[in-house]
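Q: Pasting a predicted model and its sequence here:
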Amino acid sequence: MDSLINRHDKCKTLRYVSGSIFCFMKKKIYCYISFVFLLFIACQSESNQSKNETAPVPATPEITQLNSLIAAQPDQGDLWFQRGALYYDLDKYDEAIRDLKNAIELNPSDIQAWHLLADAQLDNLQSREALETMETAAEKFSGRIATLLKLSEFQLILKRYGEAFNTIQRIQELDPQNADAFFMKGMVFKESGDTSQAISQFQASTKENPNMIDAWINLGQLLAARHDPDAIRYYDGGLAVAPDNDLLLHAKAQFLAGENKIEEAKQVYQRMMEITPYASEPYYDLGLLYLDQDSIEQAVNHFDLSIKIDPMFSRAYFYRGLTKEMMGNPSAAQSDYEQTLQIDPEDKDAAQALKRLSGQL
């Protein structure tokens, strides 16, 4: 059965748990770092244009009201900031950047505007400008730890590891026991390939602040990559302070499945379903486990549930098609493979499956 299940799906980086954990999230850049680096590193601002620059700007009641207020009081920086924040929420990054720059020009001490401007620039694929914005902010607010942390995150995203390390050193001069600084230093070591130092820094982070879920997950995953049974101790350590955290639960379930502790993994997935019954991933993962055990009926039922929750989950369609094919229903399998390719035209597994089925229909 292993040959039927793509290794990427058995040991996959899921949409809400990354194998290197650090998912760049809008409005909260720091949530679990790593796969997103690939999304932003290639973004060179001179050659990129905003995806939304030709789309009309929604005239929401809030924006309409702020338009009138700004027309009457154009020298009020907070009004420009408020409208910029609304544009940012609507993914209108060009407009957000314009307004946030005006807010800063009128009120250079508005640190929120500096931070949000950098976020908007990064989301608008202007990575170089975003980094420059944070560098300027870090110089202007040199003693502000939150700003230095944000700068280190941007430097890490752009693989400026030496610069990120230096920024973290500045933070630790201000606050030697800062848990976020230990975490960020761990990320620098991790992305630089020094796993042992990364583990040490993540351990220091959780010691200073047991609520550092990011650090607990990274510890578990780094040890899991070594097939070290102590990985479970770190997942459980995080769950001791955040028992319902879906990221921790999912990472723990993946580890248990990878260690062939299938029944324990199933229990964790069941717990996830109780906490967030409308999340598609636990059903999908359980489907893969059942498929791996040749429990075909159970597998297809779970892929069905995953698709009902998330009709755009292409891999769930692929594996439902595979189970239908194994059940001797090639026409139903063909339909699922075709749906997979409609959602993800680059899915090679589905394309190969359709080619395989072409002689059977």
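A: Good, I have the coordinates.

Q: Buried ones in stretch 332-348, by neighbour count?
A: For stretch 332-348, burial by neighbour count (16 or more other Cβ atoms under 10 Å) applies to 332-334, 336-337, 339-341, 343-344, 347. All C-beta spots, glycine's among them, are computed from the backbone N, C-alpha and C.

Q: as a whole number, average confidence for it?
A: Here stretch 332-348 scores 95 as its mean pLDDT.

Q: Pick the one among the buried residues of stretch 332-348 closest to R83.
A: Using Cβ to Cβ, I343 comes nearest to R83 of those, at 35.6 Å.

Q: For that closest one, list the residues it contacts.
A: 312-314, 317 (Cβ atoms under 8 Å, 6 or more residues apart in numbering).

Q: same thing with L289?
A: With Cβ under 8 Å, 6+ apart, L289 has these contacts: 257, 262, 265-266, 269.

Q: Can you say which of the residues you listed are buried?
A: So, by 16+ other Cβ under 10 Å, the buried ones in the contacts of L289 are 257, 265-266, 269.

Q: before we move on, back to that, taking the contacts of L289 together, which two end up most distant?
A: I262 and Y269 (10.4 Å).

Q: Which helix or strand lies directly C-terminal to the helix or strand of the chain with the lowest mean pLDDT?
A: Lowest mean confidence among the helices and strands of the chain (mean pLDDT, DSSP states H and E): helix 37-40, at a mean of 36. Using DSSP states H and E, the helix or strand that follows helix 37-40 in sequence is helix 61-72.

Q: Sketch out the low-pLDDT regions of this structure for me.
A: Low-confidence segments of the chain (pLDDT under 70): 1-58, 360-361.

Q: how about the strands in the protein?
A: For the chain, no strands are identified by DSSP state E.

Q: Tell me how many other residues surround S109.
A: 10 (other Cβ atoms under 10 Å).

Q: What separation is there between it and A103?
A: 11 Å (Cβ to Cβ, to the nearest Å).

Q: Quick one, which of the contacts of I343 are buried?
A: 313-314, 317.

Q: Quickly name whichever of those is closest to F182.
A: F313 (36.2 Å).

Q: In contact with that closest one: list those residues for me.
A: 280, 284, 306-307, 343 are the contacts of F313 under Cβ under 8 Å, 6+ apart.

Q: re earlier: just name the closest of the contacts of I343 to A351, please.
A: Nearest member of the contacts of I343 to A351, counting by Cβ to Cβ, is S314, at 12.2 Å.

Q: Surely that closest one and D336 touch.
A: No - if you go by Cβ atoms under 8 Å, S314 and D336 don't touch, sitting 10.0 Å apart.

Q: Much appreciated, bye for now.
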